[in-house]
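Colleague: Sequence first, predicted coordinates after that:
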Amino acid sequence: MARKRRPVEVFSMSFLDCMSCGFGAVILFFMIINAQVRETTEQDPTNLMAETTRLEREILEGRKNLVLAKNTIEVLDDQKRTAEGQIAQILALIEELKLELSRYDKDTVAQIEAVERLQSDIKSLEEEVARLIQAAEEEQDEGTKIRTFDEQGQGARQYLTGLKLDGRRTLILVDRSASMLDDTIVNIIRRRNMSDQEKLRSVKWRQAVSSVDWLTAQIRPGTEFQIYMYNNTLEPAIKGSRGTWLKADEGTLLDEAVETLRRTIPTEGTNLLGAFEAARELEPRPDNIILLADGLPTMDAETSNRTVVTGRQRLNLFRDAIRLVPGGIPVNVFLYPLEGDYEAPIAYWALAFETGGSLISVSRDWP
């Protein structure tokens, strides 16, 4: 007997299980997506807003700068047009002036020549008047001089400029150190070992004495003077007169001072500090200091343990010495040549310049 077939059910238990699994997978997928979307949307948007605001400000600032640049360009264009107009006016005025000047050129040439002739005549007359005045002054000076200077037939040597001897009190400081024997180191050493007579015949020392002879001939009557000789020590040319002023009313004392120098033998080192210390002792203060030297000092006391003095040390000794120069007094320097002392001219020039004096580099044929 045949088995009766069971009817087929569409919605069986297996089908429902499959449908349930599918719906569950779909629900799980949407839940995962929803969680990711919320996490993304829940992030802090502050940074993005700040960046957006910054960009907007930069755009606004750029627009402002663009407007300013356009305005500046317009102003510059206006100024350029104005300047071009002014330039055109000036050029036109220049052309007019040129035309007017060309018309007057012919008339003014003759006038200019006449004016130049008059100026030349006036200049000639002024020179003649100055020459006559100078000649009269020289004649008057010659008549009032206390003593004269023997130029030994070599002509007038009074060509020094910038040297003033019109003060009431003149101090003359004469370097009588061994370096005044000659210009070179070798000859200084040679002459230092010669006899006293040979030392006195030294050309350089005789020139220094002649310079003092010339200076004393320029001292006016009624004034006062003092002459100091210095090496390692200081001594007045007129014995016993240190610290006092001598009257120049008669030429006797001046002649005696010069003769003392002629008999003085250059020796020892150079102590410029002591010379300026003596200048400070004088009362009243000198109106004018005349310094005869040939180089920088080598010592600052009567004795010294140094056997060799470097250039830097000599410059330091010089700076220490000039600190004692009384203020407001011009120092006129007669500088004689000395081999190897290259800083001396600069140092003595600075001293003369700062005090209002003058530096005279003594030539071999003066006085």
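Modeller: Looks like it came in fine. Numbering: from 1, shown residues only.
Colleague: Tell me where this structure has strands.
Modeller: For the chain, applying DSSP state E gives strands covering 169-175, 224-230, 234-236, 246-247, 288-293, 331-335, 359-361.
Colleague: The ones you listed into a markdown table, with extra columns for mean pLDDT and distance to residue 314?
Modeller: Where you see a C-beta, it was placed from the backbone N, CA and C, and this is true even at glycine. Formatted as a markdown table, the strands of the chain follow (pLDDT from 0 to 100; distance: least, C-beta to C-beta, whole Å):
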| stretch | mean pLDDT | distance to residue 314 |
| --- | --- | --- |
| strand 169-175 | 94 | 14 |
| strand 224-230 | 93 | 15 |
| strand 234-236 | 93 | 19 |
| strand 246-247 | 90 | 32 |
| strand 288-293 | 94 | 12 |
| strand 331-335 | 93 | 15 |
| strand 359-361 | 90 | 18 |
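Colleague: For these, give me a markdown table that also has distance to residue 70 and mean neighbour count.
Modeller: Below are the strands of the chain laid out as a markdown table (distance: least, C-beta to C-beta, whole Å; neighbours: other C-beta atoms under 10 Å):
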| stretch | distance to residue 70 | mean neighbour count |
| --- | --- | --- |
| strand 169-175 | 80 | 24 |
| strand 224-230 | 83 | 23 |
| strand 234-236 | 86 | 18 |
| strand 246-247 | 90 | 15 |
| strand 288-293 | 75 | 24 |
| strand 331-335 | 71 | 25 |
| strand 359-361 | 68 | 18 |
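Colleague: Which of those strands sits closest to residue 47?
Modeller: Nearest of the strands of the chain to residue 47, taken as C-beta to C-beta: strand 359-361 at 81.3 Å.
Colleague: so where's the chain shaky on pLDDT?
Modeller: 1-13, 15, 35-45, 104-111, 114-115, 121, 132, 134-166, 250 (pLDDT under 70).
Colleague: one more time with 80
Modeller: In the predicted model, the chain carries pLDDT under 80 at residues 1-20, 22-23, 29-31, 34-49, 96-167, 249-251, 304-307, 366-367.
Colleague: domains of it?
Modeller: Domain ranges of the chain: 52-144, 169-303+310-361, per automatic domain parsing.
Colleague: So which of the ones you listed is the most surrounded?
Modeller: domain 169-303+310-361 (a mean of 18; mean count of other C-beta atoms under 10 Å).
Colleague: Could you tell me the end-to-end distance of that domain?
Modeller: Domain 169-303+310-361 has an end-to-end distance of 24 Å (criterion: C-alpha to C-alpha, to the nearest Å).
Colleague: mind listing the helices for the stretch 1-150 of the chain?
Modeller: 13-41, 46-144 (DSSP state H, counting those that start in this stretch).
Colleague: Now stretch 310-320 - C-alpha only, PDB.
Modeller: Extracted in PDB, the C-alpha atoms of stretch 310-320 (Å, rounded to 0.1, in the frame of the first residue of the first chain):
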ATOM      1  CA  THR A 310     112.000 101.100  25.300                       C
ATOM      2  CA  GLY A 311     110.000 103.400  23.100                       C
ATOM      3  CA  ARG A 312     106.700 102.600  25.000                       C
ATOM      4  CA  GLN A 313     108.400 103.400  28.400                       C
ATOM      5  CA  ARG A 314     109.700 106.700  27.000                       C
ATOM      6  CA  LEU A 315     106.200 107.600  25.800                       C
ATOM      7  CA  ASN A 316     104.800 106.800  29.200                       C
ATOM      8  CA  LEU A 317     107.400 109.000  30.900                       C
ATOM      9  CA  PHE A 318     106.500 111.800  28.500                       C
ATOM     10  CA  ARG A 319     102.800 111.400  29.300                       C
ATOM     11  CA  ASP A 320     103.500 111.500  33.100                       C
END
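Colleague: what residues does it touch?
Modeller: 272-273, 295-300, 306, 309, 341-343, 347 (C-beta atoms under 8 Å, 6 or more residues apart in numbering).
Colleague: and if you look at stretch 184-204?
Modeller: Against stretch 184-204 from outside (C-beta under 8 Å, 6+ apart): 178-183, 205-206, 262-263, 265-267, 294, 336, 339-340.
Colleague: Could you tell me which of the residues you listed belong to helices?
Modeller: 205, 206, 262, 263 (DSSP state H).
Colleague: Max pairwise distance over the residues you listed: which two?
Modeller: The widest separation within the ones in helices among the contacts of stretch 184-204 (C-beta to C-beta) is 12.2 Å, between 206 and 263.
Colleague: For residue 100, give its distance to residue 93.
Modeller: 10 Å (C-beta to C-beta, to the nearest Å).
Colleague: Also residue 46?
Modeller: Residue 46 is 70 Å from residue 93, by C-beta to C-beta.
Colleague: and stretch 319-330, how far apart are its ends?
Modeller: One end of stretch 319-330 sits 17 Å from the other (C-alpha to C-alpha).
Colleague: do the same with stretch 176-194
Modeller: End-to-end for stretch 176-194, by C-alpha to C-alpha: 16 Å.
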